[in-house]
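Trainee: When you get a sec, could you give me coordinates for this:
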Amino acid sequence: MAPGIRLQRTISRPVVSESAEPQLLYILLEATPEGLAAELPKLPLNICLVIDRSSSMRGERLNQVKDAASKIIDQLSQDDFFSLVVFNDRADTLVPAQRVTKKADLKQAIARIEAAGGTEMANGMALALQEIQRPMVS
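Mentor: Residues are numbered from 1 along each chain as shown. The predicted structure is shown next:
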């Protein structure tokens with residue numbers, strides 16, 4: 001198989017009605033490498049987790065997300081960059097983009113996340129894009 005990338009998309013709504021009002025449509029794009037060698041050099045990651053902390057995440061949902069985020073941190077190396085953005089009806093940067101040097105501190109930041117408020121994902125995504133770009137500008 002020749003090297004390539006398989007793309008899969010998932011959209012938030014199958015149909016967008018015609019309207020004079022602005023509309024929001026979310027698209028999840030998943031890129032999967034195909035036909036690549038099994039042993040590739042490890043390149044540094046620049047990852048920003050965006051976590052929904054709205055009231056709808058209260059309880060077990062948020063606990064599962066926090067557990068998954070901690071497991072991601074376990075897999076990062078000191079060469080990787082990590083940032084953490086949370087959102088409800090507003091977005092906040094809990095961990096600005098930085099090298100992964102103190103995993104325990106990053107996990108504590110995740111553990112302190114509490115659910116409250118509404119859900120405004122767009123602000124969280126915009127803030128995450130700023131954090132992802134920060135190491136590239138420095």
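Trainee: switch to C-alpha atoms for all contacts and neighbour counts from now on
Mentor: Noted.
Trainee: Now do the residue of the chain positioned farthest from its centre, the pLDDT please.
Mentor: Farthest-out residue of the chain from its mean C-alpha position, per CA atoms, centre = their mean: Ala20, at 31.4 Å. Per-residue pLDDT puts Ala20 at 92.
Trainee: In what element of secondary structure is it found?
Mentor: Ala20 is part of no helix or strand, with elements assigned from DSSP states H and E.
Trainee: give the contact list for Leu28.
Mentor: Leu28 makes contact with Arg9, Thr10, Ile11, according to CA atoms under 8 Å, 6 or more residues apart in numbering.
Trainee: what bridges to the second one?
Mentor: With DSSP bridges applied, Thr10 shows beta-bridge pairing to Leu28.
Trainee: mind showing which ranges of the chain have poor pLDDT?
Mentor: For the chain, applying pLDDT under 70 flags the ranges 1-2, 36-40, 138.
Trainee: returning to that earlier point: look up phi and psi at the residue farthest from the centre of the chain.
Mentor: phi -80, psi -20 (degrees, to the nearest 10).
Trainee: now do Glu30
Mentor: The phi/psi pair for Glu30 (degrees, to the nearest 10) reads phi -110, psi 120.
Trainee: any idea what sits nearest it, other than its immediate chain neighbours?
Mentor: Once flanking residues are discounted, Glu30 sits nearest to Gln8: 5.2 Å by CA to CA, 6 or more residues apart in numbering.
Trainee: The one you found belongs to a strand?
Mentor: Yes: Gln8 forms part of a strand when assessed by DSSP: H, G, I helix; E, B strand; the rest coil.
Trainee: gap between it and Ala31?
Mentor: 7 Å (CA to CA, to the nearest Å).
Trainee: what do you get for Val65?
Mentor: Using CA to CA, Val65 is found at 22 Å from Ala31.
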